[in-house]
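In: my questions concern the predicted model and sequence given below.
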Amino acid sequence: MALIVPLGDALADLVHDGDTVALEGFTHLIPFAAGHEIIRQGRRDLTLIRMTPDIIFDQMIGAGCARRLIFSWGGNPGVGSLHRFRDAVEHSWPVPLELEEHSHAGMANRYVAGASRLPFAVLRGYAGTDLMAKTPTIEQITCPFTGEVLAAVAALNPDVTIVHAQRADRAGNVQLWGITGVQKEAVLAAARSLVTVEEVVDELTEVPGAVVLPTWAVTSVSVAPGGAHPSYTQGYSDRDNDFYLAWDGISRDREAFSRWLHTHVVGRRA
C-alpha cells in the first residue's frame with residue numbers, strides 16, 4: 001500500500017547515496033519537483049536512468065548528484081545541448097560522469113524485462129552501431145527456433161523510480177494520462193517508487209487512455225502541485241517554453257548555473 005507523505009520525507013526515506021534512480025516522463029509529467037528535492041538533500045554517487053535526459057538531469061548532473069547516466073538520448077528539447085551534462089563528460093565538472101548509452105527501443109525493452117522480472121529482453125536492434133561492442137548490457141543472442149541473430153539487453157531494475165502524475169486517491173492509487181511513456185514499466189521494475197501528484201482526490205474518475213498505477217505497485221505518493229514545471233501536466237498546467245530557451249544561457253556558464261541553482265533550488269524548500 002502506498003503511503004501519502006510529504007515530498008521531503010518521501011525522498012529522505014527512498015533515495016540514498018549510491019542508488020540507481022530512474023526519473024521518467026515524456027514531454028510532460030517530468031518529475032522536476034522530486035529532482036530538485038534530491039538536489040536539496042545533497043544525494044551523491046547516483047546512477048541516473050532516463051530514456052530522454054533533458055533539463056532536470058542537466059540540473060542534477062550540474063549539482064553533483066550523478067556519477068553515472070543510463071540513457072538513450074539527451075538534450076534540451078527544441079533548443080540544443082545540455083551544457084552541464086556536456087561539461088561533466090568533457091571536463092569532469094563538478095564530478096566525472098560515466099555514460100551507458102542505448103537506443104529508445106533498447107531502454108523500453110529493458111524496463112519491460114525488469115517489470116516482468118525477467119533477466120533480459122530480446123529485440124531487433126543495435127545493428128550497424130558500436131553500442132553492442134562497448135556496452136556490457138547488450139549482447140548478441142541466437143534464436144533457438146529460427147537461428148536469427150538478435151540483440152539481448154539486460155533488465156533494468158532501479159532501486160527507485162520516480163514519476164509525476166495528475167492525481168491519486170486517498171488509498172494511493174495513481175492516475176496519469178496524456179502522453180505516457182514507460183512510467184508504468186519503470187515503476188513496476190523498481191524496488192521502491194515515488195509518484196508526485198498534482199492533487200489527491202476521493203475517487204479516480206475515468207479518463208480516456210489513462211494509466212492507473214495500483215497502490216500495491218507504489219511505495220509513496222507526495223502532493224506536489226506544479227511538480228512537472230517547466231514541463232507540463234495535461235489538464236493542469238502548460239509547458240513553460242520560455243524557461244527551456246532561457247536554460248541554454250543559464251547552463252552554459254558554471255557561475256551562472258551555480259547562482260541559479262542556489263537561488264531557485266537549494267534555497268527553496270519542497
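Out: Noted; the coordinates are in hand.
In: for the stretch 101-250 of the chain, what spans make up the strands?
Out: Under the criterion DSSP state E, counting those that start in this stretch, the stretch 101-250 of the chain contains strands at 120-123, 138-142, 149-154, 160-169, 174-176, 192-201, 211-213, 220-223.
In: and stretch 70-87, what's buried?
Out: Residues of stretch 70-87 classed as buried: 70, 71, 72, 74, 76, 82, 83, 84, 85, 86, 87 (neighbour count, 16 or more other Cβ atoms under 10 Å). In short, each C-beta sits where N, CA and C put it, glycine included.
In: inside helices: which ones of the residues you listed?
Out: The helices, defined by DSSP state H, take in 83, 84, 85, 86, 87 from the buried residues of stretch 70-87.
In: out of those residues, who's nearest residue 108?
Out: Ranked by distance to residue 108 (Cβ to Cβ), those are led by residue 85 at 21.4 Å.
In: related to what we said a few turns ago, packed most tightly, which of the strands of the stretch 101-250 of the chain would that be?
Out: Highest mean neighbour count of the strands of the stretch 101-250 of the chain: strand 160-169, a mean of 27 (counted as mean count of other Cβ atoms under 10 Å).
In: adjacent strands (with direction) for that one?
Out: Partner strands and pairing direction for strand 160-169 (DSSP bridges) are strand 20-23 (parallel), strand 174-176 (antiparallel), strand 192-201 (parallel).
In: can you measure across stretch 11-22, start residue to end residue?
Out: End-to-end distance for stretch 11-22: 13 Å, by Cα to Cα, to the nearest Å.
In: what about that stretch, average pLDDT?
Out: In this model, stretch 11-22 has an average pLDDT of 98.
In: what's the distance between that stretch and the middle of its chain?
Out: Relative to its chain's centre, stretch 11-22 lies at 13 Å (Cα atoms, centre = their mean, to the nearest Å).
In: quick check: buried residues in that stretch?
Out: Using 16+ other Cβ under 10 Å as the test for burial, stretch 11-22 gives 11, 14, 15, 16, 19, 20, 21, 22.
In: if anything else comes up later, I'll come back, but that's it for now.
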